[in-house]
Every structure is written in structure tokens, then in C-alpha cells.
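In: dropping a prediction and its sequence here:
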Amino acid sequence: MTYGQVNADLRAALVDLLGIRGVTAQLTPAYKDPARALEKVEARAALAQRYRTAVWTYVHRLATVAAPEEFLTPAWWPMRQLGARTAPVRREDGEFAGPSTGELGTRQRIPVLEAWRRAAVAAVVGAERDALGMDDRLDVGHRLVLARDVADVALAIAILDHRYRQVPGWVPADGPVHDERRDYRDSAAIVAAWAGAQAPYEGYAVDRFGWRPAARPGPTDQRDPGERALAALRNAAIYLGREMPSARAMTRILELTRQTTVHTRRLVGSLEYSPGLVLFGRGLVLAEMVKLFEERIGGRVGGGCHAVAELTVATAALNATKEISDEQRDRLLRAGDVVRTAIGKRLVEGAEGFVYCVEIGRRLDVMPHGGVHRAVPLYGEITEETCPLLLDVARDLQVEVAPAKPDDALIESRRVLSEAIWMGTPGSGVQARTSGAVRATAEPGVAAVSV
């Protein structure tokens, strides 16, 4: 069972628990004898708390893995503090008061107890996984994802403890006596806000460890156009991570991101550095200067229609937005940065995989949206004086500017390359790789850039 499945099962059980009302009534049997009924309620509450202990132990272990002792930087102190405060309370014999194997394997007739049992089963399975021992293989992004999960579960348990405070025999997870030094609620809230802002978006590649299920697109039917645009940008990033856009789709994606950038700048105002502006700077140039060529693979073109649809929704929603709050502005900048990164990765992958051939030149011919064209010679010398912005973009994209050489072999090579891209059958010897990038040859007097 992967971490993603464990995390999904645990969260599903906690969501069910948060949706259950009337817990005391569910735990109270229909006995005429009040003393006997109270005894039964306390026994059932004790069983639920044993299930909770299993979840709490798992949370503590995740917190320890996410922020080990060698993580002494101030940014990780809230996480370390939460890990210390989520240490399960031990019994007098030194053992954790967790559920037995029989209690874990026996289905409960009462819904609230069954939900706690499912959460405990997921926690026990997760705590026994060997993957939690790979501390040295976790980068900062993985640890931030773990921190966010830990904080979410800890806050859920805090809410449930507060809701069950009237249940006879119920003791909060942080002990029978409230101690401010041991109150984990503040630490969990701090970690949730911090890790949520710093962690990569849901599509972060923790899947290589089999941890988290792929992010799912959400609805875009919000009344607020700003929220609708944010949801659409998130969906666009998810779809860009799933499918390789065709040349036609990528052309439209670049144009939509240009429009999104314009609206984003209007809404957020003038900023010296706006990392979230979608493809700002290089994007405005790319939208006008790239020429995309599509390689047909097995006679089928690539995808990208979902990303185009979501970006269309985002652009329309931003166009209808008059103003946004500071919180929405920050989210918009982050969402734009995620989309920009996803598009950049696809452009690089497309060039290296020979799906795209990107040429940037001084003389440009307008390419209609959706068109797939042969390479057009772009004459002129590219220098710091003639094309400073272009060279800035080239450096930002880490591409090579290939100076033209009057060589008949290069002329023929470029002709074969263009035909191969047009027909979708690139032959051997056509492409030459330099520093991991595809380098297209050029005609005399032509300066070409290939990603």
C-alpha cells in the first residue's frame, strides 16, 4: 500500500468523522439503567480513543520524518515543535494505549466507531511502511508535502477533540490537563499555513515514491470570477502535467498565457518582481516569436485541448474581474508561476523529444493560430545591439544561439530537417544534440535558436 493510498484512506475517514454529528447520542445505548448506559458510553469512548492513538502515533512519526533533528533552520522550527507536541501519551506501563489487532480487524456497527477504526487501520498500515525510513531520499518538496499532511491531520483531531468534549470519559489528545506548552493546535495551524504556502502544488512529483494520487481537476463554476480563474489555472497546470500538447494546442496555450499575463498585471498592479506572472517577459516574446512544428507519432497528434479549455476559462474570468483581494493576488501569482513552470517543462520536453522545433529570429512571419508551417528562413544578424530582448529570452531559456555558416552541407541538412518535421519522419543524422538541446542548422545568413 503506497503512501498516497494510506493518505487518501486516512483523510477519507477523517472527513467522515468531521461530518458525523450527535456523537454522544450514537455512543449511548438504549439502556434503562443510567449507570449501565454510562459505563457502556465510556467503554465505547475508550475504544474510539485507542483508535485515535494509532492515528496520533502515525502523525508523530510523519512529523519526525518530515523534520528530523538535523533540520535546525528557523523555518522548520514550527514543524519540529509540532512533532514534539504530537508525541502520544504513554500509559503507566510505558506502552501506547493503542488498539489491539482484534479491534482493528473487527467492523463496528456504530458509524462513528467504524470511521475511527478505518482511520486507525490506515495509520497502522502507514506506520509499518518501509518508505517512511527513507529520510535521506526526501528533498525539501517532499518534506513540505509531509508537513502539510501532518498539520491537516493534527488540526482535524483537534477539531474532533473539541467536538467530543461532552462525551463521558473523553480525554483530548494532548492530555487530560490543558497545558499551553503542549497545545499543538497553534503549531499545527502555523505549519499548515507555512507548508501550504511553500509546498509545491498538488501535482508535485512525489509519485515516483508512490506516495500521492495524481491531483484531480476541480470545478470552475464559482460565482466570483477571481476564484473561477484560480480554479481554472490550477486545472490547466494539472492537465499540462498529464498530456503533451500538440503544436496547435501549444500555440493557443502561449497566446492564452499572454492574455492571462496582461490581466494579471492589471489586477496585481506594478511590481518590481512578479514571479507569478504567467510567462511574463519571455512569454510575451515567445508568443510572437516561436514557430512550432508537430511530429506525428503513429499518425496521431498530441493532446492539450483540456489545458486550452481551462486557460480559456481563466482568461475570460480574469477579464471579468475588476479587483481582487490581497489573498487572491498572492494565490494568483503562485498559480501563474505554476502554469509558467508547467509550460516551460513541456516546451523543453517537446524540443528534446522532437515534438516541437522552436526557432526565434529577427524577421518574423505571422503564424495563424493552429497552423503547422515549414521553417521560414529568418535572415539577419542577431547581436546584443539588434536583438537584446531576444538574447535575454534565449539566456533565460538556456538555449543556444547558432551563428550561420555558409556551408552547403548545412543548407541541405536544414532542408532535410524541415521536411522530416513536416512529414513526421525525422531521419538519423538529422538532429545534432548540444548540451542536451536540439540544435537546428541554418542557411547562410540565418541565425537560428533551438530549445
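Out: Perfect, I can see it now.
In: quick check, residue 319 in contact with residue 266.
Out: No: using CB atoms under 8 Å, residue 319 is not in contact with residue 266, being 9.5 Å away. Just so you know, the C-beta spots here come from the backbone N, C-alpha and C atoms, and that holds for glycine as well.
In: any stretches of the stretch 201-350 of the chain with poor pLDDT?
Out: Low-confidence segments of the stretch 201-350 of the chain, defined by pLDDT under 70: 201-215, 247, 270-302, 348-350.
In: which parts of it are helices?
Out: Ranges of helices in the stretch 201-350 of the chain, per DSSP state H, counting those that start in this stretch, are 225-242, 247-268, 282-289, 305-319, 326-352.
In: can you list those helices in JSON lines and add distance to residue 54 and mean neighbour count?
Out: JSON lines is the format used below for the helices of the stretch 201-350 of the chain (distance: least, CB to CB, whole Å; neighbours: other CB atoms under 10 Å):
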{"stretch": "helix 225-242", "distance to residue 54": "33", "mean neighbour count": "23"}
{"stretch": "helix 247-268", "distance to residue 54": "46", "mean neighbour count": "22"}
{"stretch": "helix 282-289", "distance to residue 54": "49", "mean neighbour count": "19"}
{"stretch": "helix 305-319", "distance to residue 54": "40", "mean neighbour count": "22"}
{"stretch": "helix 326-352", "distance to residue 54": "35", "mean neighbour count": "19"}
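In: for residue 162, which of these is the nearest?
Out: Closest to residue 162 of the helices of the stretch 201-350 of the chain is helix 326-352 (CB to CB; 25.8 Å).
In: could you tell me the angle between the closest one and helix 247-268?
Out: 160 degrees (axes from the mean of the first three to the mean of the last three CA atoms, to 10 degrees).
In: does anything pack onto helix 326-352? Which helices or strands?
Out: Here helix 326-352 touches helix 225-242, helix 247-268, strand 437-439, going by 3 or more CB pairs under 8 Å, 6 or more residues apart in numbering; DSSP states H and E.
In: distance of residue 267 relative to residue 325?
Out: Distance check for residue 267 against residue 325: by CB to CB, to the nearest Å, it reads 10 Å.
In: my bad, residue 150
Out: Distance from residue 150 to residue 325, by CB to CB: 28 Å.
In: ok, those two, which is more surrounded?
Out: The neighbour comparison of residue 150 against residue 325 (other CB atoms under 10 Å) goes to residue 150, with 28 against 10.
In: surely the more buried one touches residue 63?
Out: Yes: applying CB under 8 Å, one finds residue 150 in contact with residue 63, separated by 4.8 Å.
In: and for residue 171, nearest residue in space, chain neighbours not counted?
Out: residue 49 (6.7 Å; CB to CB, 6 or more residues apart in numbering).
In: the one you found: how many residues sit nearby?
Out: 22.
In: ditto for the one 3 residues further on
Out: For residue 52, the count of nearby residues is 27 (other CB under 10 Å).
In: same check on the one 3 residues further on?
Out: Residue crowding around residue 55 was assessed by other CB under 10 Å; the count is 28.
In: name the SS class of it, please.
Out: Taking DSSP: H, G, I helix; E, B strand; the rest coil as the rule, one finds residue 55 in the helix state.
In: now for the nearest residue to it once chain neighbours are set aside: which residues touch it?
Out: Leaving out its chain neighbours, the residue that sits closest to residue 55 by CB to CB, 6+ apart is residue 123, at 4.5 Å. Counting by CB atoms under 8 Å, 6 or more residues apart in numbering, residue 123 touches 6, 10, 54, 55, 57, 58, 59.
In: list the contacts of the last one.
Out: Taking CB under 8 Å, 6+ apart as the criterion, residue 59 is in contact with 86, 123, 150, 153, 154, 157.
In: so it versus residue 117, what's the distance?
Out: Distance, residue 59 to residue 117, using CB to CB: 17 Å.
In: can you check the first one too?
Out: Applying CB to CB, one obtains 15 Å for the distance of residue 6 from residue 117.
In: same question, the fourth one
Out: Applying CB to CB, the value for residue 55 to residue 117 is 11 Å.
In: out of the helices and strands packed on helix 326-352, flag the one nearest residue 166.
Out: Smallest distance to residue 166 across those (CB to CB): 36.4 Å, for helix 225-242.
In: surely the residue nearest to residue 171 meets residue 170?
Out: Yes: contact criterion CB under 8 Å: residue 49 and residue 170 qualify, at 7.0 Å.
In: and whichever strand or helix holds residue 15, what does it pack against?
Out: Assessed by DSSP states H and E, residue 15 sits inside helix 3-19. Here helix 3-19 touches helix 111-127, helix 140-163, going by 3+ CB pairs under 8 Å, 6+ apart.
In: that older thread, closest one to residue 309 among the helices and strands packed on helix 326-352?
Out: Closest approach to residue 309 among those (CB to CB): helix 225-242, 8.4 Å.
In: which other residues reach the closest one?
Out: Applying CB under 8 Å, 6+ apart, the contact partners of helix 225-242 are 201-203, 214-222, 253, 260, 304, 306-307, 310-311, 313-314, 317-318, 320-321, 324-325, 328, 331-332, 335-336, 338-339, 342-343, 345-346.
In: could you rerun that using 7 Å?
Out: For helix 225-242, the surrounding residues in contact (CB atoms under 7 Å, 6 or more residues apart in numbering) are 201, 203, 215, 217-220, 222, 306-307, 310-311, 313-314, 317-318, 320-321, 324, 328, 331-332, 335-336, 338-339, 342-343, 346.
In: now the helices and strands packed on helix 326-352 as JSON lines including distance to residue 25?
Out: As requested, those are exported to JSON lines (distance: least, CB to CB, whole Å):
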{"stretch": "helix 225-242", "distance to residue 25": "37"}
{"stretch": "helix 247-268", "distance to residue 25": "49"}
{"stretch": "strand 437-439", "distance to residue 25": "67"}
